[in-house]
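> What follows is a predicted structure for the sequence shown.
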Amino acid sequence: MTLIRLQKWLSEAGVCSRRQGETYIQDGRVKVNGRRITLLGSKIDPTRDRVEVDGRSVAARTETLYVALHKPKGYVTSCRHDGQKVVLDLVDLPTRIFPIGRLDKDTTGLLLLTNDGPLHHQLSHPSFDHEKEYEVLLREPIDDAQLRQLAEGVRIDGRKTRPTQVKRLSGRRFCIILQEGRNRQIRRMVRRLGHHVKRLKRVRVAHIRLGNLPEGTWRFLTSAERKALLREATTKAPRK
């Protein structure tokens with residue numbers, strides 16, 4: 001019989017990072033054989049013990065999964081329901097997977113999910129500068145000078161946003177590429193210039209594009225996409 005620390009097993013099973021596992025345990029979200037475990041350092045026998053997180057059974061990871069989802073409006077990027085519709089309801093898989101980063105409730109578009117704990121941690125961390133591209137539709141037209149302001153950076157929360165690429169699509173539509181992930185950043189940048197976002201959609205994360213994936217559906221990443229994503233996570237240095 002080989003015993004393993006519970007938080008280590010949660011990480012290896014793709015539930016979360018080891019540090020997140022410690023928080024889950026302390027918050028009382030983990031049960032072993034029906035008994036709630038809150039003591040860090042608790043060990044289990046993976047071959048015999050039954051583990052649940054938030055009432056859902058967790059199995060040892062047998063396959064690493066990488067998923068692209070077209071998130072619809074009205075879904076929250078969370079693993080807990082709290083009475084709201086969550087993105088995990090849209091992905092019907094027997095293995096528990098987790099969103100990489102987040103999209104706010106009113107934003108649609110590409111969301112990546114995985115049960116690869118280390119990759120999830122790296123790509124979710126704000127110090128990793130992978131690009132995220134968005135299409136923005138405003139309520140009213142925006143002029144070229146204001147688009148240049150967005151590209152050069154706009155001050156929000158006392159800090160100027162980093163310079164970025166902005167491309168006009170029409171009088172009210174433009175694309176913007178971000179490498180930082182401040183809360184509701186695009187909406188706040190636009191509001192700073194006196195405009196309001198009518199629709200916001202993410203169309204690319206790193207090299208992975210949303211393409212024509214229908215809203216509310218998902219697909220597995222291709223082999224080439226997986227390899228490129230893993231390569232980026234392991235070779236790209238974090239921002240200081």
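Sure thing, it's come through. Numbering: from 1, shown residues only.
> Measure how buried residue 220 is and give me the count.
If you count neighbours by other Cβ atoms under 10 Å, residue 220 ends up with 12. No exception for glycine: its C-beta is placed from N, CA and C like everyone else's.
> so it makes contact with residue 66?
Yes - with contact defined as Cβ atoms under 8 Å, residue 220 counts as touching residue 66 (6.6 Å).
> hang on, isn't residue 114 packed against residue 68?
No - in this structure, residue 114 is not within contact of residue 68 by Cβ under 8 Å, at 10.3 Å.
> any idea how far the closest residue to residue 6 other than its chain neighbours lies from residue 12?
In space, and not counting its chain neighbours, residue 6 is closest to residue 42: 4.9 Å by Cβ to Cβ, 6 or more residues apart in numbering. Distance of residue 42 to residue 12, given as Cβ to Cβ, to the nearest Å: 15 Å.
> Check what pLDDT residue 122 gets.
Looking at residue 122, its pLDDT reads 76.
> my read is it is in a helix, agree?
Yes - Residue 122: assigned to a helix according to DSSP: H, G, I helix; E, B strand; the rest coil.
> Enumerate the beta-bridge partners assigned to residue 156.
Under DSSP bridges, the beta-bridge partners of residue 156 are residue 159.
> swap in residue 66?
Residues in beta-bridge contact with residue 66 (DSSP bridges): residue 114.
> burial of it, as a residue count?
For residue 66, using other Cβ under 10 Å, the count is 21.
> OK, contacts around it?
112, 113, 114, 116, 220, 221, 225, 226, 229 (Cβ atoms under 8 Å, 6 or more residues apart in numbering).
> ok, now residue 136?
173, 174, 175, 176, 186, 190, 197, 199, 200.
> and if we set it to 7 Å?
173, 174, 176, 186, 197, 200 (Cβ atoms under 7 Å, 6 or more residues apart in numbering).
> Go through the helix ranked longest in the chain and flag the buried ones.
Longest helix in the chain, counting residues (DSSP state H): helix 223-235. For helix 223-235, the neighbour count (16 or more other Cβ atoms under 10 Å) marks 225, 226, 229, 230, 232, 233 as buried.
> on that earlier part again, and the contacts of residue 136, which two are the farthest apart?
173 and 186 (12.9 Å; Cβ to Cβ).
> Residue 217: how many residues sit nearby?
Here the count is done by other Cβ under 10 Å, and residue 217 has 12 residues near it.
> and it, what does it touch?
So residue 217 contacts residue 70 (Cβ under 7 Å, 6+ apart).
> Please tell me how far it sits from residue 104.
Residue 217 is 20 Å from residue 104, by Cβ to Cβ.
> So what angle separates the directions of the helix or strand of the chain with the lowest mean pLDDT and helix 223-235?
Scoring the helices and strands of the chain by mean pLDDT, DSSP states H and E places helix 117-124 at the bottom, with a mean of 77. Helix 117-124 and helix 223-235 are oriented at 80 degrees to each other (axes from the mean of the first three to the mean of the last three Cα atoms, to 10 degrees).
> List the contacts of helix 117-124.
Residues outside helix 117-124 that contact it (Cβ under 7 Å, 6+ apart): 11, 14, 16, 17, 98, 100, 101, 114, 128, 130, 230, 233.
> Cheers, nothing more for now.
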